[in-house]
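*Asks:* Let's see this in three dimensions:
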Amino acid sequence: MKCLRHCLAALVITVAGIGSVRAQDTIRIGAMAPLSGGAYSVVGEDMRRGFAMAVDEVNAKGGINGKKVEMILGDDQANPTVGVGLAQRLIVRDKVAAIVGIYSSTVAMAVAQAVAQYKKPLFIVGASAPIVEDAVGKEPWYFHFYPYSYYIAESVTDFLKSLQPRPSTVAIAYENGVYGTSGVKLLKEALDNGGFKVVAEESFKSGSPSVLPLLSRLKAANPDILVTQAYAADNILIVKQSREVNFSPKLMVMPEIFSQEFYPAVGRSGDGVLGYTTWIPESGYPASVSWMEAFKKKFPERPDPQDWAPMSYSAMMLVLDAIKSAGTEPDALIKSLAAAETDSPFGKLKFVASRNGVHQLLTKLSIVQYQNGKKVIVYPGELAGASKVQYPVPAWKDR
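*Replies:* A predicted model of the protein is given here:
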């Protein structure tokens, strides 16, 4: 079965090239996303939509310097072994000018190390674990979109400091993979520096069918706030089972809860839950409004995309604009991409230095709360406007 999955992933790459015109008549871009990675596939599909939207827009305007853009999309399955094989085939066999995508930190780490020898642009959309940055962040060919975990930790801590009355104790639940374990240390550090007492740290395996024992331990710690470092399906389970054991902190703060699946899965239990995110469709940036109109027209089946769709769109568009300016020769393309600036669904974007990297895009997150089934930006103030956080949230019996 394992061999079959890996072979199917390779087939995606092969099929993408069948029937295409000769490589010299097109500009080939590699794209990678977890299209069949279980719980990750919802993210992967939004990434695919974002990539396709950018490529189609450019091709509808005549392509780049008279050449059509050919996107060769690979399914990395959120599996590092599969990801390495796909990336190597994209570069060696398919002769892509750049690779854009990847959600998982584990996949990003493996791919970055495997393709370093080729020194072609690698633009990672996801992967918040700083170990990736520590390994390759200073390489000129490495570009990164999503905020690293320390930016997330700082944003969450700053939000908690803004609450009145100010909470004092925090519990952390985190998945025990690269994403969770690398992020929890930075989160705890930021909370400690912010004057909060971390009263519990509990890990679990992502995809577990139950977290009831963990939640019972967290309940015994009686924190004011619960913060998770976990994936979407895990957070759905945590919310549902927190209600079962009557674990009701004053606030729950979670990532990955703004898909179409979260609120229908948890119902009114989701009201009051907060998430940190780079973007929601309700974001007020001018370019976000026009982008959402175009996205819904192209993908009417997906009226409420996650931030992975506009991130993937923006990353692909930045690469294509850089190719338009500098061509596909790697050194020239890298230089052009590094200097790029654009108006985007996230506002103005340009690369900045991070703690241990040279090409980082996003450094801030918004805090968003479900209120009566609607997503409301409550932090920072410049985006929240008159909206206020519901704090503390009602007990479960009142939701």
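*Asks:* For this structure, which segments are assigned as helices?
*Replies:* With DSSP state H, the ranges of helices along the chain come out as 2-17, 41-60, 80-92, 105-115, 130-136, 149-162, 178-193, 212-221, 232-244, 262-266, 286-298, 308-326, 330-338, 381-384.
*Asks:* what about residue 250, neighbour count?
*Replies:* By other CB atoms under 10 Å, the residues close to residue 250 number 16. From N, CA and C alone the C-beta is placed, and that goes for glycine too.
*Asks:* Next, work out how far apart the residue lying closest to it once chain neighbours are set aside and residue 277 are.
*Replies:* Distances taken as CB to CB, 6 or more residues apart in numbering put residue 392 closest to residue 250, at 3.6 Å, once the chain neighbours are dropped. As judged by CB to CB, to the nearest Å, residue 392 and residue 277 stand 22 Å apart.
*Asks:* Return the residues in contact with the closest residue to residue 364 other than its chain neighbours.
*Replies:* The shortest distance from residue 364 to any non-neighbouring residue, by CB to CB, 6+ apart, is to residue 155 (6.2 Å). Residue 155 makes contact with 147, 276, 364-365, 367 under the criterion CB atoms under 8 Å, 6 or more residues apart in numbering.
*Asks:* Counting only strands, which of those make the cut?
*Replies:* 276, 367 (DSSP state E).
*Asks:* For the most centrally placed residue in the chain, which non-adjacent residue is closest in space?
*Replies:* Central residue of the chain (CA atoms, centre = their mean): residue 126, 4.4 Å from the mean position. Distances taken as CB to CB, 6+ apart place residue 103 nearest to residue 126, at 4.0 Å, with adjacent residues excluded.
*Asks:* Residue 245 contacts residue 216, correct?
*Replies:* Yes - here residue 245 reaches residue 216: they are 5.7 Å apart, a contact under CB atoms under 8 Å.
*Asks:* In terms of neighbours, single out the busier of these two.
*Replies:* Counted by other CB under 10 Å, residue 245 and residue 216 do not tie: residue 245 has more neighbours, with 16 against 12.
*Asks:* How much space separates the closest residue to that one other than its chain neighbours from residue 390?
*Replies:* Once flanking residues are discounted, residue 245 sits nearest to residue 215: 5.1 Å by CB to CB, 6+ apart. Residue 215 sits 22 Å away from residue 390 when distances are taken as CB to CB.
*Asks:* Between those two, which is the more surrounded one?
*Replies:* Of the pair residue 215 and residue 390, residue 215 is the one with more neighbours under other CB under 10 Å, namely 24 against 17.
*Asks:* quick one, what contacts that one?
*Replies:* Residue 215 neighbours (CB under 8 Å, 6+ apart): 238, 241-242, 245, 247.
*Asks:* Format those as TSV; extra columns: distance to residue 195.
*Replies:* Formatted as TSV, the contacts of residue 215 follow (distance: CB to CB, whole Å):
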residue	distance to residue 195
238	26
241	30
242	26
245	29
247	24
